[in-house]
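From the sequence below, what's the structure:
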Amino acid sequence: MQTDFLQALILTNLLEAPIYVLFYPKRAWQQVILLMLAFNLLTLPFVWFVFYPLIEDYSTYFVVAESFAFLVEAGILWLVFRREGWQNALLASAAANALSAGAGLLAAFV
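As a prediction, this is how the structure comes out:
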């Protein structure tokens, strides 16, 4: 499970990094990547080690866990990068999480 978690963390960051950099072009890419690493290190353990054992139904787990990640990450983006607005934070988080969640679904079921 820990190896799978580390693989998921690496894949999540690799997939999401370009999206966040594209949504925040006026920010230094290093700043955007560091923030992404920080909030993925915060949210992904909850997704894997809190929600997964608590929620038996996979569909419910998926919706709850991905909603959590999306909203927490959008909130952090908005708090740190307010100048770009909450709409940009929501769109960036939605795009990044849709890509990484889709990749996770493919990995789980293929």
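
for the record, mean pLDDT for the helix or strand harbouring residue 91?
Remark: residue 91 resides in helix 85-109, with elements defined by DSSP states H and E. For helix 85-109, mean pLDDT is 95.

can you count the residues close to the closest residue to residue 74 other than its chain neighbours?
The shortest distance from residue 74 to any non-neighbouring residue, by C-beta to C-beta, 6 or more residues apart in numbering, is to residue 93 (3.8 Å). Where you see a C-beta, it was placed from the backbone N, CA and C, and this is true even at glycine. The number of residues packed near residue 93 is 25, by other C-beta atoms under 10 Å.

For residue 93, give its distance to residue 37.
The gap separating residue 93 from residue 37 is 15 Å, by C-beta to C-beta, to the nearest Å.

quick one on the thing from earlier: for the helix holding residue 91, which positions count as buried?
Judged by neighbour count using 16 or more other C-beta atoms under 10 Å, the buried positions of helix 85-109 are 88, 89, 90, 91, 92, 93, 96, 97, 100, 101, 103, 104.

can I get these in JSON lines with distance to residue 59?
Shown next, in JSON lines, are those (distance: C-beta to C-beta, whole Å):
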{"residue": "88", "distance to residue 59": "30"}
{"residue": "89", "distance to residue 59": "27"}
{"residue": "90", "distance to residue 59": "23"}
{"residue": "91", "distance to residue 59": "25"}
{"residue": "92", "distance to residue 59": "25"}
{"residue": "93", "distance to residue 59": "21"}
{"residue": "96", "distance to residue 59": "22"}
{"residue": "97", "distance to residue 59": "17"}
{"residue": "100", "distance to residue 59": "18"}
{"residue": "101", "distance to residue 59": "13"}
{"residue": "103", "distance to residue 59": "18"}
{"residue": "104", "distance to residue 59": "14"}
